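Novice: Got a predicted structure plus its sequence, pasted below:
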Amino acid sequence: MGVSHLQNGTREAEILDVLVIGAGIGGINTAYRLQSQLPTATFAVLEGRGNIGGTWDLFRYPGIRSDSDLFCFGFQWEPWPYETPIAKGPLIREYMQNCVAKYSLDRYIRFHHRVLSADWSRETEQWTIKAEHDGQIKEFKARWVVFGTGYYDYKNPLKTVIPGLETFKGKVIHPQHWPEDYDHSGKKIIVIGSGATAVTLVPALAETAEAVTMVQRSPSYIVSAKNKSPARSLLMKLLPASISGTWLRIVYLYNIYLVVLFCRYFPQLARKIFIGRTIQQLPKRIPHNPHFEPAYSPWQQRLCLSPDGDFFQAFREKPNTNILTGHIDTVTENGLRMKDGTTAEADVIVTATGLQMQMGGNVAVTVNGEKMDWAGRLVWNGAMLQDVPNMMFIIGYVDAAWTLGADDTAHILTRLIKYMNSKGVSTATPRVPPEGTNGYRRFWQLTSTYSNEAQSILPTYGNTGPWRPKNSPPLDWLHGKFGDIVTGLHFSS
């Protein structure tokens, strides 16, 4: 619905201290931190959809699950209560709903409020936010605005050219828009892609499909991990949830952090270990080369997780599951043909080809009437943008649980507001020092196709001080809780 078709609301603007955009994992966590750390602050969470959950409410494809452990991905203030660290979407949604209900966070959430614009005024020292709700434009004014909108476009997936796709007579589905209650049983399915979504889909579809063929241009690293542990189960039964949850969060946080460091400093050895473990799990009919021989080092792109090795189990136990690696020559009426002449038949083609990155949830942001462009702006402490007053955005890690990074931002937000209140100042604006930041670094530090294609629209990091990227969850947590949150900011009142 275009703005021109909307009616202006008749009520005066609601005035708040903080307005949070998005009721996903980051928005809910921010709401909790605001409620607990700033009990006198007024705030609201605007959510364009009809449910909380963000990604977990949007994605409904078969097998949808977490690709990082829930002991870290869950909230620090309400530990993940289940024994398995990897869980499917419905259980994650239930957990989030329980958290919102338990801490009465639902009183702050306004559903079906699609934010259209946010404008900062130097004169009033506040943001004016306009949102569409029930065909009308509602206006809010806030001292701070927080974007918990994630990093990709909810409406439009990444556009990938697949030769001849328009000639296919079967059904074409993108996982981002999986049809509700679609029955894939008994069908021949081709899954195009090699990332986490494809690795999740293949074993789930193979359970009831007649045949599943994964088609990839280049392989990814796929790491199996046990999802059940008697020792972990015993720990959770013997100790209170607050103690066992904290312990498991620390253990898993350092586990993935050490793995990332190992991959970063010993890439060839890490590659050898991952490929060696993959070979052990493959059936003899499927060679590891070229299907599981990535051309890049581990963590230059995401590692794909396979809980209890379900991905490899599908290839071992279901002869109807196959994989093709190479370039597609063309899609045909009833399948596709690779450039090497290999063919595969299909009733359904699933294009698991990636997400389209987007900053700010397609909200038009202006500062003193001038359009604010996310592209190229330096990021302060992983939370604010160069020359943009009183605005934070929530971003997680590419190589660790998203919530860890989101919580760092929430702590910085609440601490900064307390600091400003104590000093009697009303605005905080990141300013790059005259000497610069000693060069620039990528904002999204992966070499995946979706990341490379989005570089022109993304902000950037520097190499010094508060302009450096967040890449150490333990140290970033300490900084968010206790570190310097003043350097790099210009304060005014």
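Specialist: Thanks, I have it. No experiment lies behind these values; they were computed from the predicted model shown.
Novice: Could you check the pLDDT of residue 3?
Specialist: What the model reports for residue 3 is a pLDDT of 41.
Novice: Then residue 41?
Specialist: pLDDT recorded at residue 41 is 97.
Novice: How about it: what's its closest non-neighbour residue?
Specialist: Leaving aside its sequence neighbours, residue 41 sits nearest to residue 17 (Cβ to Cβ, 6 or more residues apart in numbering; 4.3 Å). All C-beta spots, glycine's among them, are computed from the backbone N, C-alpha and C.
Novice: hey, where'd the helices end up in the stretch 301-450 of the chain?
Specialist: Assigned by DSSP state H, counting those that start in this stretch, the helices in the stretch 301-450 of the chain fall at 310-317, 402-423, 449-453.
Novice: Could you report the separation of residue 447 from residue 116?
Specialist: As judged by Cβ to Cβ, to the nearest Å, residue 447 and residue 116 stand 34 Å apart.
Novice: of those two, who's got more company?
Specialist: In this view residue 447 and residue 116 are compared by other Cβ atoms under 10 Å, and residue 116 has more residues nearby, 19 against 13.
Novice: ok, now which ones touch that one?
Specialist: 3, 130-132, 137, 363-364 (Cβ atoms under 8 Å, 6 or more residues apart in numbering).
Novice: what does residue 264 give?
Specialist: residue 299.
Novice: tell me the phi and psi of it?
Specialist: Dihedral angles of residue 264 (phi, psi; degrees, to the nearest 10) stand at phi -70, psi -40.
Novice: same question, residue 171
Specialist: Torsion angles, degrees, to the nearest 10, at residue 171: phi -100, psi 140.
Novice: The chain should start at 30 in everything you say after this.
Specialist: I'll keep to 30 as the first residue from here, and by that count the last item is residue 200.
Novice: How much space separates the closest residue to it other than its chain neighbours from residue 522?
Specialist: Using Cβ to Cβ, 6+ apart and skipping the chain neighbours, the partner closest in space to residue 200 is residue 377 (4.8 Å). Using Cβ to Cβ, residue 377 is found at 60 Å from residue 522.
Novice: who has more neighbours, the two?
Specialist: Each of residue 377 and residue 522 has its neighbours counted (other Cβ under 10 Å); residue 377 has more, 19 against 9.
Novice: That one pairs with what?
Specialist: On the basis of DSSP bridges, residue 377 is bridged to residue 200, residue 218.
Novice: On the three-state scheme, residue 62 is what?
Specialist: At residue 62 the chain is in helix, as set by DSSP: H, G, I helix; E, B strand; the rest coil.
Novice: list the contacts for it?
Specialist: Contacts for residue 62 (Cβ under 8 Å, 6+ apart) come out as 436, 439-440, 442-443.
Novice: pLDDT averaged over stretch 358-369 - what is it?
Specialist: Taken as a whole, stretch 358-369 has a mean pLDDT of 97.
Novice: chain center to that stretch, what's the gap?
Specialist: For stretch 358-369, the separation from the chain centroid amounts to 32 Å (computed by Cα atoms, centre = their mean, to the nearest Å).
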